[in-house]
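Student: whatever this is, show me its structure:
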Amino acid sequence: MTDNGVDIRALAKLARLDVTNEEVAKLEQEIPSILGFVDTIQKADVPNEISQPELRNVMRADTDAIESGIHTETLLGAAPTREGDYVAVKQVITRKSN
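Tutor: So this is what the prediction gives:
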């Protein structure tokens, strides 16, 4: 148990964590400083009312619509290799067969 009355083993049990004696010793050293930091944050002077930005409609009309596929051949032509209408790449993930 730490100086602040925190029972590390009880917390670990609640969190369903297995902790070693070394981890308990390390956490007993770290927990008080973490709690001190939380206490510092809680003491910060924050105004009660948080200003919200004015909401507005950010959608726009799609005025520059493009014709689907007009650049496909140009893009595929720039690829090092292709298979039909697809860019061919080396396989990077293998699947195990059962």
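Student: geometric centre of the chain: which residue is closest?
Tutor: Ala15 (21.2 Å; CA atoms, centre = their mean).
Student: quick check: that residue vs Leu35, distance?
Tutor: As for Ala15, its distance to Leu35 is 16 Å (criterion: CB to CB, to the nearest Å). (Glycine included, C-beta is placed from N, CA and C.)
Student: go on, Thr63?
Tutor: 56 Å.
Student: between these two, which one's more packed in?
Tutor: Comparing Thr63 with Leu35 by neighbour count (other CB atoms under 10 Å), the higher total belongs to Leu35, at 14 against 5.
Student: what helix or strand does the more buried one sit in?
Tutor: helix 21-42 (DSSP states H and E).
Student: where do the strands of this structure begin and end?
Tutor: 82-83, 86-87 (DSSP state E).
Student: Ala15 and Pro47: what is the separation?
Tutor: From Ala15 over to Pro47 (counting by CB to CB), the distance is 35 Å.
Student: shaky segments in this protein?
Tutor: By pLDDT under 70, the low-scoring segments of the chain are 1-4, 64-66, 97-98.
Student: for it, which segments count as helices?
Tutor: Secondary structure of the chain by DSSP state H: the helices cover 8-14, 21-42, 72-78.
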